[in-house]
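In: quick one, fold the following:
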Amino acid sequence: MVEFALVAALGISLAHWTWVALTPRAIAASARAGQLEAQRAAPMPKRNLFGVAQDGKMVPVADASRTSGIRLLGILSRGVEAGGRAIFTLETGKAKTVESGSQVVPGLILKEVHADYVLVARNGSIERMKLDRPGAKRN
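Out: Residues are numbered from 1 along each chain as shown. Just a heads-up that it's a prediction; the model follows:
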């Protein structure tokens, strides 16, 4: 009778440890999954053929590179649209580093810094200045 109890206990023990060893592990949801759900639940911005509309109205952007004596030489971007700095060559030939939101020269304010261009405000209109790259083909 004792032998039968020991054999039964051994069988139950082997069954238990086999079950533990062969059961697939549960994978915990990562913190990123919660962020993805939040992004899916957020309302999508209105889009049009040429990008994202801001508050339902598009602001015309002129090219300031050809009309101004000021050239964009370099960009120091932090990866966010509103942040960063830009290096300009003024009409006098001096270089000037300007932070986003600051004045380049009187009447010209640096609005946004992007990867290869900046947006500046001149007399209430938004203008785009492309990065002046030596040796690049100009149109």
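In: now for residue 93: which residues touch it?
Out: Listed by Cβ atoms under 8 Å, 6 or more residues apart in numbering, residue 93 has no contact partners. For glycine as for every other residue, the C-beta is placed from the backbone atoms N, C-alpha and C.
In: in three-state terms, label it for me.
Out: coil (DSSP: H, G, I helix; E, B strand; the rest coil).
In: show me where the chain has its strands.
Out: Using DSSP state E, the strands found in the chain span residues 47-48, 51-52, 61-63, 71-76, 85-89, 95-99, 103-105, 108-113, 117-122, 125-130.
In: dump those strands to JSON lines, plus distance to residue 23, mean pLDDT and mean neighbour count.
Out: As requested, the strands of the chain are arranged in JSON lines below (distance: least, Cβ to Cβ, whole Å; pLDDT from 0 to 100; neighbours: other Cβ atoms under 10 Å):
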{"stretch": "strand 47-48", "distance to residue 23": "47", "mean pLDDT": "51", "mean neighbour count": "8"}
{"stretch": "strand 51-52", "distance to residue 23": "48", "mean pLDDT": "49", "mean neighbour count": "10"}
{"stretch": "strand 61-63", "distance to residue 23": "60", "mean pLDDT": "65", "mean neighbour count": "12"}
{"stretch": "strand 71-76", "distance to residue 23": "54", "mean pLDDT": "85", "mean neighbour count": "16"}
{"stretch": "strand 85-89", "distance to residue 23": "56", "mean pLDDT": "87", "mean neighbour count": "20"}
{"stretch": "strand 95-99", "distance to residue 23": "58", "mean pLDDT": "89", "mean neighbour count": "14"}
{"stretch": "strand 103-105", "distance to residue 23": "66", "mean pLDDT": "88", "mean neighbour count": "17"}
{"stretch": "strand 108-113", "distance to residue 23": "54", "mean pLDDT": "87", "mean neighbour count": "19"}
{"stretch": "strand 117-122", "distance to residue 23": "56", "mean pLDDT": "86", "mean neighbour count": "20"}
{"stretch": "strand 125-130", "distance to residue 23": "60", "mean pLDDT": "86", "mean neighbour count": "17"}
